[in-house]
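Trainee: okay, structure incoming, though there's no sequence with it:
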């Protein structure tokens, strides 16, 4: 990434956004004259956002904010399909311990609301073009691992607790200390593992990978499609959607993921109108699993925000305190490393880092990000965090919080179009999961696999997540194996004390069953 600035006598700003690579592996450079941006201004926008001081213009900020929204707006479609369900009796429904679901339309409206509010706050308080929305990975953890153990309000209550802890860690400065305690290789492995897990979720939800009915009597637990082939129209939509989205991303098309979801949805609507596939509902293996691709009766509607405030802290009485504490700890870990890494990367791309590598006003940004977890839990949409897709807006010239104001207002406007989301089948959205997983997985090149002391913990972190369908299990396996190998090879003193604390906590997490049995014996 290169960034050079010269005074108002001429010259240019040269920004190589995304470092050496663009959002999808391309090299992007943007050169623009800065004569217009270095003139002192007393306008309210200039005083609030310091637009010219950062070498930008109002036009660039507005354009950058729009591009960021278009690039990441897929989360309004995707998050409801990860957390929500259309019917509790669907075989793919995300039900809690009482069999309840989060309605898709309500999750969509609340997702747009919280993303809009938190993005606005990041722009107005921290003055950064870093948009926030429900974090992919954390929402999967909540839907797949946490909610089945308790009620949805209780699960979201844990997300709120996670956010409160994050805010406290920011206020005390402890967040940076813990972040520095985890080796870079494990931080990278966590991101890669989440990417692989997200990809696997996409394969399963689309029917591309299915659990074999007689898995107990075969040598493999899962297989390709139905009978080893792509034998259903919904899975066909997934495959075509994945290929189209991949081409769009490879050709560096802005909003390629969103366009891919829209294309797949239109294809699904056409196929359903012709082939009359019908919903799955547990009796039709070739039907649509979640969502039904039919034209909606209306496009615009008042948002249903009844999920806002529907939380409970009853998990502490429903489950053993150790189990709940470790679930919260896992949420904190996921929020912890994802946000700090993303903000550092975006700050580099925007040329906002100080010479010492620090991000100005990072405390404000981290505080807002922590508050995003509280707001996301309180609205039942999972933790909100900084989106790496903000890099697309930065590539368009966004350098200040004004871009976030544009993005935030567009998210708020999106609340009124929730009837559109019910027509998106999971098979049309699943390609986005695979693409996002691939983008996250490419960080694996940053891990030194020639050093087995690092290679095995990183490998376990990555593969245990999808193989056990749990992000928490992957993090735990990686941390425990890392400290054990360090101790066994005479490198115990190189391990930060906090890593030992984390590893011991995860030993308790994995042994919670035997521990509970021993306590009740």
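Mentor: Structure received. Since this is a predicted model, take the numbers as computed values, not measurements.
Trainee: residue 332 - how many residues pack around it?
Mentor: By other C-beta atoms under 10 Å, 21 other residues sit near residue 332. The way it works is simple: take the backbone N, C-alpha and C, and place the C-beta from them, glycine included.
Trainee: would it count as being in a helix?
Mentor: Yes - judged by DSSP: H, G, I helix; E, B strand; the rest coil, residue 332 forms part of a helix.
Trainee: hey, which helix or strand in the chain has the poorest pLDDT?
Mentor: strand 12-15 (a mean of 32; mean pLDDT, DSSP states H and E).
Trainee: low-confidence ranges, the stretch 51-200 of the chain, go.
Mentor: For the stretch 51-200 of the chain, the stretches with pLDDT under 70 are 91-92, 176, 178-180.
Trainee: just the helices in it please.
Mentor: 58-72, 74-83, 104-121, 138-140, 152-172, 174-181, 184-206 (DSSP state H, counting those that start in this stretch).
Trainee: turn those into CSV, including mean neighbour count.
Mentor: Formatted as CSV, the helices of the stretch 51-200 of the chain follow (neighbours: other C-beta atoms under 10 Å):
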stretch, mean neighbour count
helix 58-72, 22
helix 74-83, 27
helix 104-121, 26
helix 138-140, 25
helix 152-172, 22
helix 174-181, 16
helix 184-206, 24
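Trainee: okay, now the unreliable bits of the stretch 201-350 of the chain?
Mentor: Checking the stretch 201-350 of the chain against pLDDT under 70 turns up 213-219, 255, 281-282, 290-291, 337, 341.
Trainee: what domains does the record give for this structure?
Mentor: 3-447, 448-521 (automatic domain parsing).
Trainee: so how far is the last one off the chain centroid?
Mentor: Just to be clear, that refers to domain 448-521. 23 Å (C-alpha atoms, centre = their mean, to the nearest Å).
Trainee: please apply the same query to the longest one.
Mentor: For domain 3-447, the gap between its own C-alpha mean and the chain's C-alpha mean amounts to 4 Å (C-alpha atoms, centre = their mean).
Trainee: re earlier: tell me the most buried of the domains of the chain?
Mentor: Stretch with highest mean neighbour count among the domains of the chain: domain 3-447 (a mean of 20; mean count of other C-beta atoms under 10 Å).
Trainee: can you get me the start-to-end distance on stretch 166-181?
Mentor: 16 Å (C-alpha to C-alpha, to the nearest Å).
Trainee: got the contact list for it?
Mentor: Stretch 166-181 is contacted from outside by 332, 335-337, 340, 363, 366-367, 369-371, 373-374, 496-499, using C-beta atoms under 8 Å, 6 or more residues apart in numbering.
Trainee: among these, which lie within helices?
Mentor: 332, 335-337, 340, 363, 366-367, 369-371, 373-374, 497-499 (DSSP state H).
Trainee: of those residues, closest to residue 132?
Mentor: residue 369 (6.9 Å; C-beta to C-beta).
Trainee: mind listing the strands for the protein?
Mentor: With DSSP state E as the criterion, the chain has strands at 3-4, 12-15, 30-33, 132-134, 209-211, 222-224, 384-386.
Trainee: so which elements touch the fifth one?
Mentor: Same thing as strand 209-211. helix 184-206, strand 222-224 (3 or more C-beta pairs under 8 Å, 6 or more residues apart in numbering; DSSP states H and E).
Trainee: which one of the ones you listed lies nearest to residue 314?
Mentor: Using C-beta to C-beta, the nearest of those to residue 314 is helix 184-206, at 27.4 Å.
Trainee: can you state the direction angle for the closest one and helix 74-83?
Mentor: 70 degrees (axes from the mean of the first three to the mean of the last three C-alpha atoms, to 10 degrees).
Trainee: helix 184-206 - contacts with which helices or strands?
Mentor: Against helix 184-206 (3+ C-beta pairs under 8 Å, 6+ apart) you get helix 138-140, strand 209-211, helix 233-250, helix 321-350, helix 426-441, helix 452-468, helix 471-488.
Trainee: want to throw these into JSON lines with distance to residue 85?
Mentor: Putting the helices and strands packed on helix 184-206 into JSON lines (distance: least, C-beta to C-beta, whole Å) gives the following:
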{"stretch": "helix 138-140", "distance to residue 85": "14"}
{"stretch": "strand 209-211", "distance to residue 85": "19"}
{"stretch": "helix 233-250", "distance to residue 85": "16"}
{"stretch": "helix 321-350", "distance to residue 85": "21"}
{"stretch": "helix 426-441", "distance to residue 85": "10"}
{"stretch": "helix 452-468", "distance to residue 85": "22"}
{"stretch": "helix 471-488", "distance to residue 85": "21"}
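Trainee: residue 114: which of the ones you listed is closest?
Mentor: Comparing these by C-beta to C-beta, helix 138-140 comes nearest, at 12.0 Å.
Trainee: roughly how far apart are the residue positioned nearest the centre of the chain and residue 48?
Mentor: Nearest to the geometric centre of the chain sits residue 136, at 2.2 Å (C-alpha atoms, centre = their mean). Noted for residue 136: a distance of 31 Å to residue 48, by C-beta to C-beta, to the nearest Å.
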